[in-house]
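Asks: return atomic coordinates for the entry below.
(one chain, ligands or ions: 3)
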Amino acid sequence: MDAKICAALLSRLRETRPLVHHITNTVTINDCANITICAGAAPVMAEAAEESAEMVAAAGALVLNIGTLNPAQVESMLLAGKRANELGVPVVLDPVGAGATALRTEAVLRILREVKVAVLKGNAGEIGVLAGMGGKVRGVDSCGLAGDPVETAKACALATGTVVAMTDETDVVTDGNRVVLVGNGHVMMDRLSGTGCMASSVVGSFVAVADDPLVGAAAALVAFGRAGEHAAACARGPYSFRTALFDELYRLTPEDLEEEARLEVV
Ligand SMILES: Nc1ncnc2c1ncn2[C@@H]1O[C@H](COP(=O)(O)OP(=O)(O)O)[C@@H](O)[C@H]1O
Ligand SMILES: Cc1ncsc1CCOP(=O)(O)O
Ligand SMILES: [Mg+2]
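Replies: Ligands and ions are numbered 1, 2, ... in the order given. Presented below is the predicted three-dimensional model:
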């Protein structure tokens, strides 16, 4: 895993433009659609139980995000997720707010039991809760971890059988054995609702074209983080940053990634 691989995946993503099927929340759904396009993929949001399994057949990846979950939506997620598993379509799960309420925590655990999830992408608090290692979540925000971030992410990966992508100032991507740390990103990304959801959409886009979900997830967080760094350089505040974040991901080239990726395999 190195900068060259990130660059090659971005090229492959732009050449193949996979469809990324989302079942996601109502707060950031439009941001997720547009960041998917800026990454190089094509979004579709389809959540009715009558079509969610059918739609996933055309997709390169499925992103499940529980940010504004309700029981019917979770059933649609299970139908789509099981069909994705049958078809070999990788599933990305964003456990938004897991730990904040029992409904959220239980929905995530049920999806993890019934669907083979390729990448579990959460903030530090959410991953700490799911690892059973003392994460704290208020609303949808991480209030931090009790222990070491790498050990927490590894424990979560081993407990859930997924690649865990735990976002923070330094992102930790791990399958429980291999660990990649991603240093790209900017604190402005924490001043805006939706950057975690968008990170999941970008992970879905990269995982659709990657042979290895760990490599796809790490490359996605490098690309998104690097776009955030470029965006912060010209932003006056959170909302001009938001606009610039889309533009800078759209403008990001494989050469940028090769030169500017900050990742460490530990
Ligand atoms: N302090 C920070 N410095 C750099 N990047 C950050 C920082 N906080 C968050 N990010 C980036 O913002 C994105 C969203 O992460 P995070 O804020 O942890 O998720 P969520 O919005 O789900 O809480 C990730 O790509 C992460 O790398
Ligand atoms: C504010 C809010 N409430 C439910 S979903 C959501 C958006 C969360 O977005 P993110 O976790 O990406 O900041
Ligand atoms: Mg955030």
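Asks: how many neighbours does the nearest residue to residue 130 once chain neighbours are set aside have?
Replies: Closest residue to residue 130 apart from its sequence neighbours, by C-beta to C-beta, 6 or more residues apart in numbering: residue 156 at 5.3 Å. The C-beta positions use only the backbone N, C-alpha and C, and glycine is treated the same way. Residue 156: 26 surrounding residues under other C-beta atoms under 10 Å.
Asks: again with residue 128
Replies: By other C-beta under 10 Å, neighbour count at residue 128 equals 29.
Asks: and the helix ranked longest in the chain, how far out from the chain's middle?
Replies: The residue-count maximum for a helix in the chain (DSSP state H) belongs to helix 213-232. The chain centre lies 10 Å from the centre of helix 213-232; the measure is C-alpha atoms, centre = their mean, to the nearest Å.
Asks: with stretch 238-249 instead?
Replies: Worked out by C-alpha atoms, centre = their mean, stretch 238-249 lies 18 Å from the chain centre.
Asks: buried residues, that stretch. List them.
Replies: For stretch 238-249, burial by neighbour count (16 or more other C-beta atoms under 10 Å) applies to 241, 242, 244, 245, 246, 248, 249.
Asks: same check on stretch 31-46?
Replies: Neighbour-count burial for stretch 31-46 [16+ other C-beta under 10 Å]: 31-43, 45-46.
Asks: distance of residue 161 relative to ligand 2?
Replies: 23 Å (C-beta to the nearest ligand atom, to the nearest Å).
Asks: so what's residue 144 up against?
Replies: When contacts are counted by C-beta atoms under 8 Å, 6 or more residues apart in numbering, residue 144 touches 124, 125, 128, 135, 136.
Asks: hey, what's residue 122 bridged with?
Replies: residue 166 (DSSP bridges).
Asks: and it, how many neighbours?
Replies: There are 30 residues near residue 122, going by other C-beta under 10 Å.
Asks: so how far is residue 82 from it?
Replies: 22 Å (C-beta to C-beta, to the nearest Å).
Asks: how about residue 63?
Replies: Where residue 82 is concerned, residue 63 sits at a distance of 16 Å (C-beta to C-beta).
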